[in-house]
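Engineer: Next comes the sequence, and after it the predicted model I'd like to discuss.
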Amino acid sequence: MYKNDKFNDRKKFDGRKDDFSDRENQNEKDIIFGRNSVQEAIKAGRSLDSVMVARGERSGSVPKILADAKNAGIPIKEVDRKKLDFLCGHANHQGVIAMGAVKAYSTVDDIFQKAEEKGEAPFIIVCDEIEDPHNLGAIIRTAEAAGAHGVIVPKRRSAPLSFAVAKTSAGAVEFMHVARVTNIPQTLDELKSRGVWIYCADMDGETFYNSNLKGAVALVIGSEGKGVGRLVKEKCDVILSMPMKGHINSLNASVAAGILMYEISKQRDIQN
């Protein structure tokens, strides 16, 4: 079954009043539930962010579903059955749901191809565990407006390409390549091998005012709470910081990303 307008009314399932807010209902339109539906979605190659299974559930076709999901590279999460109940409005999920992406993920090669088609040096945004969908959506929106060729996210510990991300991006997700990779540090090594300089935003770096951000650039933005991870940071060529002149010593991830993206965009315009 698919969580869409046809299934949004809880009364259809258990007679209880639907107490989901409109926003929650909208965010859950990309949920697929029920063993057959999830299995068919995987078999059809549908772009899925994750498969969630009730903790300890291994009866019937569940092992086959999980094996197929693993073979397809889809993250699997064991969660409390109550979470599955909540996500699908207490419909009969049979212990399995899948979170569908609103858009198919691209590849890193797609990002480089877009830069080549435009005759530009690659400009890439790398999101290191951005888990807030509104931050990810805002980053994608600004990336598209600033002329970036693509965004890279990890398969795990990242907000999926959900309805909330698409809505916050104001439609920019339709025009932006978003590639999902297994390992961010390894991906940064790949970018370096293809001539890209890696920059990340952190408090202990050099002021971005003085940095040369021209040419092939990848900008790494860290998570909302922890910032850029240690292993990721070690792969970066230059660490950038922003002067903080008030009482607050940090910025929201999407705000910091926006400031740095437009500095890169400005320098690219001057270069051209």
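Structural biologist: That came through fine.
Engineer: for residue 58, helix, strand, or coil?
Structural biologist: Secondary structure of residue 58, reduced to three states by DSSP: H, G, I helix; E, B strand; the rest coil: coil.
Engineer: This protein: helices as residue ranges?
Structural biologist: Assigned by DSSP state H, the chain shows helices spanning 11-14, 22-27, 35-43, 62-71, 81-87, 108-117, 133-146, 163-168, 184-193, 230-235, 253-271.
Engineer: Select, out of those helices, the one closest to residue 242.
Structural biologist: Nearest to residue 242 among the helices of the chain is helix 253-271 (6.4 Å), distances taken as C-beta to C-beta. For every residue, glycine as well, the C-beta is placed using N, CA and C.
Engineer: Give me the buried stretch members for the closest one, please.
Structural biologist: 253, 254, 256, 257, 258, 260, 261, 263, 264, 265, 267, 268 (16 or more other C-beta atoms under 10 Å).
Engineer: what's the spacing between the third one and residue 183?
Structural biologist: To residue 183, residue 256 is 24 Å away according to C-beta to C-beta, to the nearest Å.
Engineer: ok, now the last one?
Structural biologist: Distance, residue 268 to residue 183, by C-beta to C-beta: 28 Å.
Engineer: Then the first one?
Structural biologist: Relative to residue 183, residue 253 is positioned 21 Å away (criterion: C-beta to C-beta).
Engineer: what's the answer for the fourth one, then?
Structural biologist: Here residue 257 is placed at a distance of 21 Å from residue 183 (C-beta to C-beta).
Engineer: again, but for the second one
Structural biologist: Separation of residue 254 from residue 183 (C-beta to C-beta) stands at 24 Å.
Engineer: repeat for residue 259
Structural biologist: Shown here: residue 259 relative to residue 183, a distance of 28 Å by C-beta to C-beta.
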